[in-house]
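Colleague: Next input, structure requested:
(one chain, ligands or ions: 1)
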Amino acid sequence: MTDLEKMQGDLLGRIAAADDLDTVEAIRVEALGKSGSVTALLKSLGKMTPEERQAEGPRIHGLREAVTEAIARRKATLERAALDAKLAAETIDMTLPADTPLSGTVHPVSQVMDELAEIFADLGFAVATGPEIEDDWHNFTALNIPESHPARAMHDTFYFPEAEDGERKMLLRTHTSPVQIRTMMQHKPPIRIIAPGRTYRSDSDATHTPMFHQVEGLVIDKGITLGHLKWTLETFLKAFFERDDIVLRLRPSYFPFTEPSAEVDVGFTVEKGKRVIGGSDGWMEVLGSGMVHPKVIAACGLDPDEWQGFAFGCGIDRLAMLKYGMDDLRAFFDGDLRWLKHYGFSALDVPTLSGGVGA
Ligand code: PHE
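Modeller: I've put the predicted structure just below:
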């Protein structure tokens with residue numbers, strides 16, 4: 001056995017036997033550090049004749065590689081074992097009684113979603129859901145937003161890297177409208193659903209967060225008109241804000257998936273310097289809506305001559321801010337317990353129409 005082989009056998013043996021990270025590190029310094037034994041051998045290459053170097057070079061480099069690799073492998077094993085031990089030691093027994101009073105509260109967004117479900121259930125609407133990771137077809141194409149449509153750029157979409165086959169382009173849904181498509185393809189009309197959930201756009205400031213919440217509404221039946229849409233929205237907003245003096249203003253607008261389209265403003269009054277919903281001193285935009293475009297109905301395999309309907313989409317975070325008087329949207333997602341304590345709801349505050357939805 002040459003000296004090099006003996007040295008390698010000795011080092012690898014000690015690395016394998018090291019049972020903590022400090023010992024491994026000490027061996028690394030001793031062998032590969034500035035004045036380490038293997039480093040010294042590497043340095044000695046410089047003083048050799050070319051012939052000697054040709055013979056010794058590969059052996060010394062081989063030694064260094066073997067030692068480096070053994071150290072990395074041993075480190076990884078020890079680190080994994082340390083993590084396993086930590087995880088095992090830190091398990092929480094969820095069945096034990098809590099020794100401090102529970103401090104969690106229901107987040108205002110969850111509360112508003114419950115209120116929406118409650119209000120719309122009373123009007124005969126079911127709650128539908130869809131995936132947050134959507135494909136391009138459901139999020140855009142089926143909603144009459146073809147590839148070249150400028151609305152695609154307006155949505156600031158988060159796309160996933162292209163799939164191998166380049167076929168289904170996946171994205172984070174930019175609105176809840178794809179749930180319209182999924183519902184129409186899965187269920188025969190008449191349809192009456194709302195679809196609350198998370199939506200995503202690459203946008204961030206005091207009034208925009210990259211993840212936000214929307215609620216979609218969809219009605220498909222025979223003989224549905226704009227009048228049904230207006231009545232539904234009025235009834236919903238009156239119940240939600242718990243006021244009878246809610247005034248709506250429908251403004252002509254444009255969405256590729258509705259025709260005609262209307263943006264809906266709700267009137268507010270100013271009380272003690274704060275905007276309060278109700279009356280008509282000023283107007284605030286709260287949702288987008290319209291009659292479902294015949295092309296969208298046809299894309300879902302239904303006959304647009306037989307079936308018509310309306311749809312609307314509304315920002316839930318904004319609804320919560322307006323109802324509960326919060327002014328910075330970003331606080332919704334900070335997870336600050338003090339904020340939650342101030343604005344949150346007790347788990348026992350179940351919204352009911354008879355008790356008032358915000359009771
Ligand atoms: N999806 C639209 C948006 O996010 C809102 C909308 C929904 C408009 C349904 C009309 C009908 O801006």
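
Colleague: which SSE is whatever residue of the chain ends up closest to the ligand in?
Modeller: Ranked by C-beta to the nearest ligand atom, the top residue of the chain for proximity to the ligand is residue 313, at 2.6 Å. All C-beta atoms are positioned from the backbone trio N, CA, C, and that covers glycine. Assigned by DSSP states H and E, residue 313 falls within strand 308-315.

Colleague: Residue 140: neighbouring residues, count only.
Modeller: 27 (other C-beta atoms under 10 Å).

Colleague: List the contacts of it.
Modeller: With contacts defined as C-beta atoms under 8 Å, 6 or more residues apart in numbering, the neighbours of residue 140 are 146, 149, 151-152.

Colleague: Before we move on, what's the pLDDT of residue 353?
Modeller: The confidence metric pLDDT takes the value 54 at residue 353.

Colleague: what ranges do the strands span in the stretch 251-359 of the chain?
Modeller: Under the criterion DSSP state E, counting those that start in this stretch, strands of the stretch 251-359 of the chain are mapped to 258-271, 274-277, 282-292, 308-315.

Colleague: and the last one, what other elements does it pack with?
Modeller: Contact here means 3 or more C-beta pairs under 8 Å, 6 or more residues apart in numbering; DSSP states H and E; on that basis strand 308-315 packs against strand 211-221, helix 226-241, strand 258-271, strand 282-292.

Colleague: who in this structure is up against the ligand?
Modeller: 175, 177, 255, 258, 288-290, 311-313 (C-beta under 6 Å from any ligand atom).

Colleague: Most neighbours out of those, which is it?
Modeller: For those, the largest number of neighbours (other C-beta under 10 Å) sits with residue 177, at 28 neighbours.

Colleague: list the contacts for that residue?
Modeller: Contacts of residue 177 by C-beta under 8 Å, 6+ apart are 139, 143, 216, 257, 311, 313.

Colleague: Could you do residue 4 as well?
Modeller: Each residue near residue 4 by C-beta under 8 Å, 6+ apart is listed here: 41, 59-60, 63.

Colleague: again, only this time at 6 Å
Modeller: Going by C-beta atoms under 6 Å, 6 or more residues apart in numbering, residue 4 touches 59, 63.

Colleague: Which element, helix or strand, includes it?
Modeller: Using DSSP H and E, residue 4 sits within helix 3-17.

Colleague: What are the buried residues along that helix?
Modeller: 7-8, 11-12, 14-15 (16 or more other C-beta atoms under 10 Å).

Colleague: quick one on the thing from earlier: save the helices and strands packed on strand 308-315 as a markdown table, and put in mean pLDDT too.
Modeller: Listed next are the helices and strands packed on strand 308-315 as a markdown table, based on pLDDT from 0 to 100:
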| stretch | mean pLDDT |
| --- | --- |
| strand 211-221 | 97 |
| helix 226-241 | 95 |
| strand 258-271 | 94 |
| strand 282-292 | 94 |
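
Colleague: which of those is buried the deepest?
Modeller: Comparing the helices and strands packed on strand 308-315 on average neighbours per residue, with mean count of other C-beta atoms under 10 Å, the densest one is strand 211-221 at a mean of 22.
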